[in-house]
Every structure is written in C-alpha cells, then in structure tokens.
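Engineer: next come a sequence and a model predicted from it.
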Amino acid sequence: MENNIEIIDNQIEKRREKIKSLFKDKYNILAFFLFLSIIIVYLYYFFKLGNQPIWWDEGDYLAIGKIWGLGDLHPSWWEHFITMRPVFLPFLFSLFFKIGLGETSLRFFYLLIPALITCFLIYKISEHLFDKKTALIATAIFSFNWVWMFYSFRVLTDIPSAFFGALAIFFFLIYYEKQKKNYGLYLATFFGTLSFLARYPGALILISIAIYMIFTQKLALLKKKEIYISLLIWFVTMLPFFLFNYSTFGSAFPALGFYYRPESAVYSSPIGWNVLTFHLPLLLSNYLWIFFIIGLIILGFNLLLYLDLVIFQKDKSKNNFLFILISLIIPLAYFVFGIRNIDARYLLMIFPIMAAVSGYGIKYLLEKISSNKNFFYAILIIIILIISFMSIKSSNQFIKVKYGSYGELQQVGEWLKQNTPKNTKIITASIVQVYYYSERQTDGFGYSDEIWTSCTDYPNMNETCSRLTEESFNRKVSEENFDYLIIHGFEPAFTPIWAYDYGQRHNLTVANVFYRDNQPSLILYKF
C-alpha cells in the first residue's frame, strides 16, 4: 500500500516538474494566455449567438439530417439536395436528432469544439514549419479572423472540413515527416478523406500531400508498404460514400454532374483571377495581406536559392518551404482555373498555411528591427494584442450585422410546428429552413411540367410565363392539397413575381404575419 502511494506521489511530482519546465519558456506562457483568450472569446459568442436563425445552405444540411433522424417522408426536393451536398455531415446530424439532442448540442460538438481544436492545430503546424514565435502570431491571425470566427457559429461544412484538413496536415508533417511514424500517414489519409466527405474541395489537401510526397520521394514511393496501406484506408473510408451514391443514383459521384454541368460557374465564368485579387486579400484583411506577401516572397526566394538541392533532395532542410508552396498553389490553381466562382470562406482550407506564412512575414520583420530578446518579446506581445483586437472588432461587426437575418423563417417554422398537425403541407421559397423548424412537408412554387423548365427567370419573368406558371401552380395546389403558403422577400430567385400578391388576389386567409423593424416581412396564408 505504501509503495503504491509512493509511486503515485512520484508521478504527481514528475507532472509538476514537467509543468514547471513548460512555463520556464516565456513563449509557452504567452501561448497559454493566448489560448485562454481564444477559449473565452469563442465561449462568449457561443452563448451570445445561441441557436441563431439558419441560412439556406445551413438548412440544406440540417433538413437532410432531421429527415433521416426523425424518419420523415422524403420531400420532392430531397433527391436534388443529396445529389449536390455531401451527406457525411447530415448523417452525423441525424444521429443527434435521433437520440433527442437539440441544435445547441450539435453546434457545440460540430462547430465550437472543432473550431477551438483547429486553433491549437494551427499553433503546432506553424511551430513545426517555422518556430514558436511564428506560431504565436499565426494562431492570433487565424483564431480571431473574421471569416473563421463568423463561420464557427454557422452550421455549414467549412469549419468541419478545415478541421479535418488541419488534422491531416498535422499528422502528416509532425508524425510522418518529422518522426517517421507510418501511422502519421495513415491518420493523415483518414482525416484528409473526411475533409473531402465534409466538403468536396477538401480533397485538395490530400492531393497536395500526394504531390509533395511524389516530389520528395519520387519512385521510392512505389516500394513503401505504408503507401498501399494508406490507399486502402482511403478506399475503405470512401466506400460508404460510393455505395450510398451508387445505390441511390446509380452513380458513384453524382455531384460531379451537378457542379460541372454546362450552365455552372466552371463553364460560364471567366478565369477566376478575382480569387487572387479580391478573395485572398479579403480573407486576411489588407494589413495582414501585406505580411503574407512578404512571407511568401522570402520563402520563394529561399526555395529558388537552393532549388537544385531541393529538386534532387540533397538538402531536405527546405522541404517545409516546398510543402507550403505546394499546399497553396494546388488549391489556388483549382479555384482560379477550376471552380472560378467562390467567396472567401472557400479558402479556409488553405488558411492554416496562409496564417503561418503571414506570421512568418511579421516575425521576420521584427527580427530585423531588433536583436534584443526582451525587446523582441515585448514587441511580439504588442503585435499579438493589436492583431487580436483589430480582428475581434471586425469579426464582431460582421457577426452583429448578420445575426437575426432570416429570423422570420425561424418564427414561422416554430409557429407551424406548434399549431399544425404533422401532415401539414406548405409552399414556400425557403423549403429547407421551413422544413427544419416546422418538421412539416414543404415544397417550392415550381411544378413538374415543361412550363417551369422554360420559365425559370423569376425576377424577370415575361407575361406569358407569368400566366402559365401561375396556372400550373394553381393545379399543383389543387392536386396536392397544400395547407399553407408563405410569402416573403428573402428568396427572390425562387419566388415568381405573381406570388407576392397571390394571397390578396385569391382571397386567402392570413394565418399569421411576422415583422422586422415594425414592418411586415413575412405573411403566412392558409388555403
């Protein structure tokens, strides 16, 4: 008994010494307070925002998850959305709904925890690629960035995909590259695949890793057993996705047919130089964008200086720089020449590397300013405080402006859930949001006939199309016995012009009205 107590005491003492040794490094102390600040800020917004009203894209994933979780009948729009959207995350949502966990729990485990862990991963990745000083700056840049913070509280695929992608990079660089542990590659493959299953462009992370490995290991890759095991891990992880798609649609990857159809942005948009000239600077903000360019120039110059050594792998000390450039070039090439039409959040997948490069640019300039260690440390603290304060300020402004948008859809959906039977059928332009809140069957204005395929330009519909589509709509209401009609101005792209005064012209009963700024913004009609 005494021996056991002595062993426990020794273990406790060793842990104390380990903690003391960690805090002997002043950069570790700064890291501790930085992460404490990050946790406090994110918890503040988590409780402040609560279950804020969802947007259309959020509704896609949540509605699919709720239909699976509650076992509801598949609505008419079901096939369209599970064709174009990755179903991995909606499947996870369905588990929450199936066991009775609400939206708050889902937001906590699906958004808040991955967002916070990713902030820590950025620190470790940046420390590996550069050093602790760079890691501290990169973490402040990343964690309080307005795009990252805003989408950390929106139920979309960006945060989970970036989280899985950061895990893939973390395990690949630190465990496979640095420590030569094969399980690092296996875990990188697994999480990189999950990044794709969460959001299709997440595949670019594994592609970047593969190109880097081909460049650094060349034909030697073919002789390594871990490569074939990794391919097997990728296939097994992807297999449920392929089987689901094939059994449902007869195609292993039907989304390709949606995103690469002739009328999509891939074919209709010019080469997306705005990705580089607008969205990249927008993601980082103007002043940090400058430091990213500085860091990139320094890295590129170092790589060119030792290009022959890097190409023939006679000197592996610059491989980190090579990994950084490949991880930036491959996704950016895809967005510029491939998908072409994006917004800033699409670039969150490369933001960990961008934050590290920006941090390196700032640290490089600081070291040029002063060689005094204490002065450098003081300036570093000031820089981190400035970055954090300015980033939080801009994040707060954006979150505040968008908070409450589409709130009337949440209100009408909750009213319908409380005041109507389960078999209620509703017509609305916001089919996914209204279904999610009301748990009632929803459908849009369109009808499954040739008229709606030729008359789709709702805001500019001509007189003939307006008359024919309204007649078609009347048949739909009569044949399918709809109970309610929701009219609002949030989705003009899905609302025919004639729909706005349809209720008055057909003397429908007003069941409820919802207001914004004391003005009617949504009307619920009963047929």
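Structural biologist: Looks like it came in fine.

Engineer: drop to CA atoms for contacts and neighbour counts, all remaining ones
Structural biologist: Noted.

Engineer: name the nearest residue to L156, sequence neighbours excluded.
Structural biologist: E58 (5.4 Å; Cα to Cα, 6 or more residues apart in numbering).

Engineer: how close does the one you found get to F445?
Structural biologist: Applying Cα to Cα, to the nearest Å, the value for E58 to F445 is 21 Å.

Engineer: more neighbours: which of the two?
Structural biologist: More crowded of E58 and F445, by other Cα atoms under 10 Å: F445, with 21 against 17.

Engineer: where does the more buried one land in three-state SS?
Structural biologist: coil (DSSP: H, G, I helix; E, B strand; the rest coil).

Engineer: tell me the contacts of it?
Structural biologist: By Cα atoms under 8 Å, 6 or more residues apart in numbering, the residues touching F445 are I427, T428, A429, F473, F494, T495, P496.

Engineer: one more time with 10 Å
Structural biologist: If you count contacts by Cα atoms under 10 Å, 6 or more residues apart in numbering, F445 has them with 427-429, 431, 452, 469-470, 472-474, 476-477, 485, 494-496, 499.

Engineer: just to revisit the earlier point, the residue nearest to L156 reaches F93, doesn't it?
Structural biologist: No: judged on Cα atoms under 10 Å, E58 makes no contact with F93 at a distance of 11.7 Å.

Engineer: find residues that contact each of those two.
Structural biologist: By Cα under 10 Å, 6+ apart, no residue touches both E58 and F93.

Engineer: quick check: closest non-adjacent residue to Y61.
Structural biologist: P90 (5.2 Å).

Engineer: before we move on, what about Y403?
Structural biologist: Y403 sits nearest to Q52 (Cα to Cα, 6+ apart), 6.7 Å away.

Engineer: please identify the helix or strand for the residue nearest to Y61.
Structural biologist: helix 88-98 (DSSP states H and E).

Engineer: and that helix, how far from the chain's centre?
Structural biologist: 17 Å (Cα atoms, centre = their mean, to the nearest Å).

Engineer: contact partners of it?
Structural biologist: Helix 88-98 is contacted from outside by 60-71, 82, 87, 100-103, 105-106, 110, 156-157, 160-161, 194, 196-199, 240-241, using Cα under 10 Å, 6+ apart.

Engineer: where exactly do the strands run in this protein?
Structural biologist: Under the criterion DSSP state E, the chain carries strands at the ranges 425-427, 441-443, 484-488, 509-516, 519-526.

Engineer: quick one: contacts for the spatially most central residue of the chain?
Structural biologist: The residue lying closest to the centre of the chain (Cα atoms, centre = their mean) is D158, at 0.4 Å. Taking Cα under 10 Å, 6+ apart, we find D158 in contact with 111, 148, 151-152, 195, 198-199, 202, 345-349.

Engineer: pretty sure W273 contacts I339?
Structural biologist: No: contact criterion Cα under 10 Å: W273 and I339 do not qualify, at 11.4 Å.

Engineer: what touches both of the two?
Structural biologist: A333.

Engineer: which one's more surrounded, those two?
Structural biologist: Legend: neighbour count by other Cα under 10 Å for W273 and I339, higher for I339 (19 against 16).

Engineer: what's the spacing between that one and G272?
Structural biologist: I339 is 8 Å from G272, by Cα to Cα.

Engineer: ok, I40 next?
Structural biologist: I40 is 38 Å from G272, by Cα to Cα.

Engineer: equivalent analysis for F170, please.
Structural biologist: Taken as Cα to Cα, the span from F170 to G272 is 30 Å.

Engineer: can you check the pLDDT for Y260?
Structural biologist: Y260 is assigned 65 on the pLDDT scale.

Engineer: neighbours of N374, how many?
Structural biologist: 10.

Engineer: quick one, what contacts it?
Structural biologist: Contacts of N374 by Cα under 10 Å, 6+ apart are L380.

Engineer: mind checking how far it is from Y27?
Structural biologist: 11 Å.

Engineer: what's the overlap in contacts for the two?
Structural biologist: Joint contacts of N374 and Y27 (Cα under 10 Å, 6+ apart) are L380.

Engineer: for G59, see how far away the residue nearest to Y61 is.
Structural biologist: 10 Å.

Engineer: mutual contacts of those two, please.
Structural biologist: G65, K66.

Engineer: flag every buried residue along the lengthiest helix in the chain.
Structural biologist: Longest helix of the chain, by residue count under DSSP state H: helix 373-402. Residues of helix 373-402 classed as buried by neighbour count (16 or more other Cα atoms under 10 Å): 376-377, 380-381, 383-384, 387-388, 391-392, 394-396, 399.

Engineer: now do stretch 208-225
Structural biologist: Neighbour counts over stretch 208-225 (16+ other Cα under 10 Å) mark S208, I209, I211, Y212, M213, F215, T216 as buried.

Engineer: what's the closest of these to P421?
Structural biologist: Among the buried residues of stretch 208-225, S208 lies closest to P421 (Cα to Cα), at 51.6 Å.

Engineer: can you give me the mean pLDDT across the helix holding P90?
Structural biologist: 94.

Engineer: cool, and stretch 458-471?
Structural biologist: Rounded mean pLDDT across stretch 458-471 is 86.
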